[in-house]
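*Asks:* Following is a predicted model, sequence given first.
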Amino acid sequence: MSYNLSAVDGEAFYDTDKHEYNLQENTMKLILLGAPGAGKGTVAKLLTAIDGSVQISTGDILRGAVQAGTELGKEAEGYMKRGDLVPDSLIMGIMEKRLQEPDCAKGFLLDGFPRTIPQAEALTELLAKLDITLDKAVDIDVPKDIILDRLCTRRTCENSDCQSIYNVKSNPPKQEGICDKCGSKVVQREDETEEAISHRLATYNEKTAPLIGFYEKEGLLLSVKAVSSDAVIDAVKKELSL
Ligand code: AMP
């Protein structure tokens, strides 16, 4: 296993039981909050490139499961197509396993999780059990008209191992409909029709927006008013002294 030690604030220590460097105390552990289309995925990719931490997107995991036709995928598919949230119990099952995978020792960015107060409460318990301390919950605050425009023009690579994001207006693939990175088809997600988008945004306002108050009370909130991903990256780097 290799780590980008230079980008990590503080000393790594060698865990003699596990025979590996343990960076838990020194790595970035963030939650990315924000409406669908706020740019959580883009920000996560930029931040993980800085310090070698991992992006954990429950949406990507679920889309991968739907494409692979697993039990989880079959259970989740209907909710996702309608733009509804998948039940908390399914999501917590995914996250409990994922957060214990070895790559999380490099730090992690939670993208699209938690999405409800019960998920946030369950996450607090899970992190306490795993002896992990969060650095911040970053709320990416983007005006609603920009979000709507972005979601309607967003396109995604259909390969579940890639899932690169494009935008027909601002960032189209070099060859129309083909992913620059892996050559698979670039498509409009089924939950990015106008109807599903307005449903997802209503669900966000009802179920997910209250997390901003939740993390504010915990003293973990970093709110960034942002129309560009760079502004968010700068704010996080400043806050965490990266
Ligand atoms: P995303 O790509 O994060 O917008 O997620 C796409 C869809 O996956 C959402 O509209 C939900 O149906 C489902 N999903 C992703 N993350 C969660 C979560 N934390 N809780 C419940 N449903 C989720």
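*Replies:* Now that the structure is in, tell me what you want to look at.
*Asks:* how would you label residue 86: helix, strand or coil?
*Replies:* Following DSSP: H, G, I helix; E, B strand; the rest coil, the label given to residue 86 is coil.
*Asks:* Next, the closest residue to the ligand within the chain: phi, psi?
*Replies:* Using CB to the nearest ligand atom, residue 59 is the residue of the chain that sits closest to the ligand, at 2.2 Å. To be clear about C-beta, it is placed using only N, CA and C from the backbone, and glycine gets the same treatment. The phi/psi pair for residue 59 (degrees, to the nearest 10) reads phi -60, psi -50.
*Asks:* Pretty sure it sits against residue 112.
*Replies:* Yes - using CB atoms under 8 Å, residue 59 is in contact with residue 112, at 4.7 Å.
*Asks:* How many residues are close by residue 219?
*Replies:* Residue 219 has 7 neighbouring residues, counting by other CB atoms under 10 Å.
*Asks:* pretty sure it is in a helix, no?
*Replies:* No - going by three-state DSSP, the assignment for residue 219 is coil, not a helix.
*Asks:* just to revisit the earlier point, who are the contact partners of the residue of the chain closest to the ligand?
*Replies:* Residues near residue 59 by CB atoms under 8 Å, 6 or more residues apart in numbering: 111-112.
*Asks:* any idea how far it lies from residue 220?
*Replies:* Distance of residue 59 to residue 220, computed by CB to CB, to the nearest Å: 22 Å.
*Asks:* Repeat that for residue 67.
*Replies:* When residue 67 is compared with residue 220 (using CB to CB), they lie 34 Å apart.
*Asks:* for the record, mean pLDDT for the helix or strand that residue 230 is a member of?
*Replies:* Residue 230 belongs to helix 229-240 when assigned by DSSP states H and E. Mean per-residue pLDDT for helix 229-240: 87.
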